[in-house]
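# structure, please.
(one chain, ligands or ions: 1)
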Amino acid sequence: MNTNEHYPKDFQEFLIQFKNEEDCWNYIFEMRWPNGYICPKCNGNNKYWLTEHKLIHCAGCGYQASVTGGTIFHGTRKPLLLWFHIMWWVVAQKTGASANNLMDFMGFGSYETAWSWLQKLRRAMVRPERDKLSGDIEVDETYIGGVEIGKGKQGRGADTKTLVVVATECVGKQIGRVRFEIIPEASSEYLIQFIENNIDTGSKVITDGWRGYSPLTNNTNYKHEIKVISGSGSEAHELLPHVHLVDSLVKRWINGTHQGNISPKYLSYYLDEFAFRFNRKLSTYRGKLFYRLMQQAVDTSPKPFKELIKEA
Ligand SMILES: [Zn+2]
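Just a heads-up that it's a prediction; the model follows:
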């Protein structure tokens with residue numbers, strides 16, 4: 001990215017780089033304004049000074065900005081150093097963090113507080129301008145969460161499973177990046193839109209024979225490969241091995257780290273977290289994930305707890 005992309009490679013370096021509030025404050029400042037302060041009010045690249053309460057006072061228009069204004073840290077009453085530690089802790093664990101173990105680990109008084117911190121961080125785990133998947137991509141739908149429902153038994157509220165469409169890049173036998181999206185039904189309308197939003201044109205899209213994908217055959221933007229069970233004893237999951245492996249990893253993560261305890265209305269944020277971690281699994285340093293999360297955290301509008309609950 002740029003020469004300012006400096007991050008601690010491991011926890012020892014983290015402890016040296018972030019010792020107090022000032023270290024964290026400076027890190028956020030440099031990340032937000034790598035080429036010098038720009039006043040959010042007058043957009044001027046003016047001189048500024050810091051007030052007693054560490055507000056940034058613009059010499060041009062007199063506006064006083066907080067370094068955390070407009071970020072997920074906006075209005076927090078907790079030290080930035082605590083946020084930094086928790087962000088490190090969240091990215092450092094391969095399996096991620098749950099509200100229960102955050103509550104125990106950080107001594108938060110309530111589950112709700114721990115949950116809302118993690119939820120704020122999950123909001124920062126999506127990049128709106130993220131690159132599309134490319135190459136050979138397997139796409140399939142799956143049901144996640146809730147309890148098993150028999151055929152014909154629908155509309156059991158929070159207990160019902162959520163339909164999710166999954167796309168995975170195939171790099172030989174390895175899996176590249178992944179994408180998830182919750183869809184209301186497995187119709188062409190939603191499946192093709194998902195493909196167009198998430199997969200680069202020119203890519204090969206590999207699906208099973210479900211008719212929802214059939215418009216792809218006439219879509220000149222993609223090559224479409226349909227895999228069907230040959231009758232030679234192969235199982236459905238062998239048709240699209242990459243996407244089915246991802247499907248089982250997500251389910252294992254939800255049932256393990258989160259004990260299957262995810263409300264359908266928040267599932268999309270958990271899927272964002274899974275993708276954030278999975279898509280960076282090849283990063284050499286955990287610190288790189290910390291850096292990406294921080295970059296997006298200072299670029300994400302704040303969400304008060306009430307709004308986190310109300311929405312979705
Ligand atoms: Zn100004």
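# quick check: phi and psi at the closest residue to residue 183 other than its chain neighbours.
For residue 183, ignoring the flanking residues on the chain, the nearest one in space by C-beta to C-beta, 6 or more residues apart in numbering is residue 190 at 4.1 Å. To be clear about C-beta, it is placed using only N, CA and C from the backbone, and glycine gets the same treatment. Residue 190 adopts backbone torsions of phi -80, psi -40, taken as degrees, to the nearest 10.
# same check on residue 74?
Torsion angles, degrees, to the nearest 10, at residue 74: phi -50, psi 130.
# okay, it: pLDDT?
With respect to pLDDT, residue 74 has a value of 89.
# quick check, residue 141 in a strand?
Yes - per DSSP: H, G, I helix; E, B strand; the rest coil, residue 141 lies within a strand segment.
# just to check, it is in contact with residue 167?
No - with contacts counted by C-beta atoms under 8 Å, residue 141 stays clear of residue 167, the gap being 10.5 Å.
# okay, the two: which has more neighbours?
It is residue 167, of residue 141 and residue 167, that has more neighbours when counted by other C-beta atoms under 10 Å, with 26 against 21.
# just the element for the more buried one, please.
Assigned by DSSP states H and E, residue 167 belongs to strand 162-171.
# ok, now residue 121?
Using DSSP H and E, the element containing residue 121 is helix 111-123.
# buried stuff in that helix?
For helix 111-123, burial by neighbour count (16 or more other C-beta atoms under 10 Å) applies to 113-123.
# same check on stretch 273-283?
Buried residues in stretch 273-283 (16+ other C-beta under 10 Å): 273-279.
# next one: stretch 259-276
Within stretch 259-276, the residues scored as buried using 16+ other C-beta under 10 Å are 262, 264, 266-276.
# now do the same end-to-end measure for that stretch.
Counting by C-alpha to C-alpha, to the nearest Å, you get 20 Å between the two ends of stretch 259-276.
# how far off centre is it?
Between the centre of stretch 259-276 and the centre of its chain there are 10 Å (C-alpha atoms, centre = their mean, to the nearest Å).
# go on, stretch 290-301?
Stretch 290-301 has its C-alpha centroid displaced from the chain centroid by 11 Å (C-alpha atoms, centre = their mean).
# looking at that stretch now, give me its mean pLDDT.
On average, stretch 290-301 scores 86.
# what residues of that stretch count as buried?
Quick answer for stretch 290-301 (16+ other C-beta under 10 Å): 290-298, 300.
# and the contacts of the host helix or strand of residue 90?
Per DSSP H and E, residue 90 falls inside helix 80-92. Outside of helix 80-92, the residues within contact range by C-beta atoms under 8 Å, 6 or more residues apart in numbering are 11, 14, 18, 20-21, 23-25, 27-28, 68, 73, 76, 96-97, 102, 105-106, 117-118, 121, 277, 286, 289-290, 293-294, 297.
# what angle do the helix or strand following it and helix 80-92 make?
Per DSSP H and E, the first helix or strand lying C-terminal to helix 80-92 is helix 99-106. The directions of helix 99-106 and helix 80-92 differ by 130 degrees, with axes from the mean of the first three to the mean of the last three C-alpha atoms, to 10 degrees as the criterion.
# helices - which of the contacts of helix 80-92 land there?
Among these, the residues falling in helices (DSSP state H) are 11, 14, 21, 23-25, 27-28, 102, 105-106, 117-118, 121, 277, 286, 289-290, 293-294, 297.
# please list which of these also come close to the ion.
With the criterion set as C-beta under 5 Å from the ion, no member of the ones in helices among the contacts of helix 80-92 is near the ion.
# next, the buried residues of the longest helix along the chain.
When the chain is parsed with DSSP H, its longest helix is helix 241-256. Neighbour-count burial for helix 241-256, with 16+ other C-beta under 10 Å as criterion, is recorded at 242-244, 246-247, 250, 253-254.
# end to end on stretch 71-87, go ahead and measure it.
Taking C-alpha to C-alpha as the criterion, the two ends of stretch 71-87 lie 14 Å apart.
# show me which residues of it are buried.
Quick answer for stretch 71-87 (16+ other C-beta under 10 Å): 71-74, 80-81, 83-87.
# what's the answer for stretch 175-192, then?
Under the neighbour-count criterion of 16+ other C-beta under 10 Å, stretch 175-192 has 175-181, 183, 186, 190-192 buried.
# circling back to that earlier point, can you pick out the most distant pair from the buried residues of stretch 71-87?
By the measure C-beta to C-beta, 74 and 85 form the most distant pair in the buried residues of stretch 71-87, at 18.8 Å.
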